[in-house]
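*Asks:* I would like to see how this sequence folds:
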Amino acid sequence: PVQLPRAMADGGLDSRTALVILPPAEFTTEVQVLRQRHDRAFARWPPHLRICWPFVPVRTALARFGQTRLTIPAFDLELASVGLLNSEAHGD
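*Replies:* As a prediction, this is how the structure comes out:
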């Protein structure tokens, strides 16, 4: 199991980072069509499911989680609901 860095417990979070799940490539084309029409931040980042924001600084994340994506096997995910962030509150 991955242990979260002390920075998370100590409040050393960075609003420029987030822990996300990236969908498989075969799903991104349809999502991108919708995002291009409706998401002002379309060009800023790829389609994703935001798990935790803000997150730890980039250096901390890379040092601790850099290889994690290689060790987590694929899994199914079912969402009970979907919501939108208030983009004005988050500067998106």
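*Asks:* any idea whether Phe27 is helix, strand or coil?
*Replies:* helix (DSSP: H, G, I helix; E, B strand; the rest coil).
*Asks:* how deep is it tucked in, by neighbour count?
*Replies:* Phe27: 11 surrounding residues under other C-beta atoms under 10 Å. Quick note: C-beta positions are derived from backbone N, CA and C, even for glycine.
*Asks:* List the residues that contact it.
*Replies:* Applying C-beta atoms under 8 Å, 6 or more residues apart in numbering to Phe27 gives the contacts Pro47.
*Asks:* What pLDDT does the model give it?
*Replies:* What the model reports for Phe27 is a pLDDT of 85.
*Asks:* again with the one 3 residues further on
*Replies:* Turning to Glu30, the model gives it a pLDDT of 88.
*Asks:* One more: Gly11?
*Replies:* The per-residue pLDDT reported for Gly11 equals 61.
*Asks:* Okay, now the unreliable bits of this structure?
*Replies:* For the chain, residues meeting the criterion pLDDT under 70 lie at 1-11, 67-71, 85-92.
*Asks:* May I have the secondary structure class of the spatially most central residue of the chain?
*Replies:* For the chain, Val20 is the residue whose C-alpha lies nearest the centre (C-alpha atoms, centre = their mean; 2.1 Å). The three-state label given to Val20 by three-state DSSP is strand.
*Asks:* Leaving out sequence neighbours, find the closest residue to it.
*Replies:* Nearest non-adjacent residue to Val20, counting by C-beta to C-beta, 6 or more residues apart in numbering: His48, 3.9 Å away.
*Asks:* Contacts only, for that neighbour.
*Replies:* Ala18, Val20, Ile21, Leu22, Pro23.
*Asks:* The residue nearest to Thr28 when sequence neighbours are not counted and Thr60, how far apart?
*Replies:* Once flanking residues are discounted, Thr28 sits nearest to Pro47: 5.2 Å by C-beta to C-beta, 6+ apart. Separation of Pro47 from Thr60 (C-beta to C-beta, to the nearest Å): 25 Å.
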